[in-house]
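S.K.: Sequence first, then the predicted structure, then my questions.
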Amino acid sequence: YINPNPKRPSSLNSGNNLFSVSRPQYGSLGSGSVVNVLDHGVSNGATGDQTSAINAVLASSVGSVVFFPAGVYMVKGTVNVPVGSKIVGSAWSQIMATGSYFEDQSHPQVMVRVGKSGDVGNVELSDMMFTVQGGTAGAILVEWNVKASRQGSAGMWDCHFRVGGAKGSNLRFSDCPKGASSIQSKCVAASMLMHVTEQSSGYFENVWGWTADHDLDLPVQGNTTTSTQLDVYAGRGFLIESQGPSWFYGTSVEHNVLY
């Protein structure tokens with residue numbers, strides 16, 4: 001209980017309550033309104049470079065629901081999400097950055113760019129995971145540029161960020177065990193998890209940013225993860241420069257070096 005009640009801008013409200021909007025379900029859409037990326041030359045087998053193929057599907061499917069079936073979509077460049085996109089994964093379909101494009105921490109590169117600077121409109125992302133493989137010290141996993149055209153029209157639901165600590169990441173206990181005498185360059189794995197830029201706004205619900213402090217795919221000894229802990233490094237968690245209105249429900253960030 002807080003007395004007096006904190007004042008908040010009316011733009012955050014719906015009536016007398018804070019605004020909220022449920023994750024879109026698309027239950028009224030027919031199959032013809034859903035684009036499966038696997039039908040358009042994209043692979044979810046954690047191989048190759050899917051950047052160009054994904055960008056082609058997104059650019060040609062604005063307004064349709066674009067479905068990423070469960071799997072790992074390896075990218076070696078920037079995925080551009082146009083305004084008007086509706087993207088849905090399955091059991092946290094992974095977009096995974098890897099390669100030299102993302103290696104230089106002094107020249108960070110974006111893995112997934114949502115909208116361009118100055119864009120205003122609608123974007124919906126749900127059930128996706130943003131992750132990396134190997135020493136991707138210059139990776140900005142998501143850059144959010146779009147400004148919502150109305151409350152809740154640009155949003156992210158049930159999407160998560162994971163840096164290391166899982167099979168396929170090359171950032172596991174065998175690669176980056178806790179307590180090494182020096183920082184291993186191969187274990188420096190991200191510049192930033194998410195950047196919500198100054199001109200943008202959005203609605204974010206159940207979004208978790210996690211740089212691994214332990215290996216998820218090793219058995220836990222007893223009731224703690226002490227035996228599987230890692231030294232994996234990401235420079236920054238979520239940088240939120242948005243002037244709003246923006247909402248962050250159930251949104252949290254863990255284990256980054258600077259913030």
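M.R.: All right, it came through fine. Note that the structure is a prediction, hence the values are computed from the model and not measured. Residues are numbered from 1 along each chain as shown.
S.K.: Any stretches of the chain with poor pLDDT?
M.R.: Under the criterion pLDDT under 70, no range of the chain is flagged.
S.K.: For it, which segments count as helices?
M.R.: 51-60 (DSSP state H).
S.K.: buried stuff in stretch 31-41?
M.R.: 35, 37 (16 or more other C-beta atoms under 10 Å). C-beta: built from backbone N, CA, C; applies to glycine.
S.K.: which other residues reach that stretch?
M.R.: Contacting residues not belonging to stretch 31-41 are listed as 26, 44, 53-54, 56-57, 61, 64-69, 73 [C-beta atoms under 8 Å, 6 or more residues apart in numbering].
S.K.: Export it to CSV, keeping only CA atoms.
M.R.: Extracted in CSV, the C-alpha atoms of stretch 31-41 (Å, rounded to 0.1, in the frame of the first residue of the first chain):
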residue,chain,number,x,y,z
SER,A,31,-5.0,-21.4,-42.9
GLY,A,32,-4.6,-19.3,-46.0
SER,A,33,-3.7,-16.3,-43.7
VAL,A,34,-0.7,-18.1,-42.2
VAL,A,35,2.7,-18.3,-43.9
ASN,A,36,4.9,-21.2,-42.8
VAL,A,37,8.5,-20.1,-43.3
LEU,A,38,9.5,-23.8,-43.9
ASP,A,39,7.5,-23.6,-47.1
HIS,A,40,9.6,-20.8,-48.4
GLY,A,41,13.1,-22.1,-48.3
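S.K.: about what we covered before: in PyMOL, select just the buried ones from the contacts of stretch 31-41.
M.R.: The PyMOL selection below is limited to those of the contacts of stretch 31-41 classed as buried (16+ other C-beta under 10 Å):
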select buried, resi 44+53+54+57+61+64+65+66+67+68+73
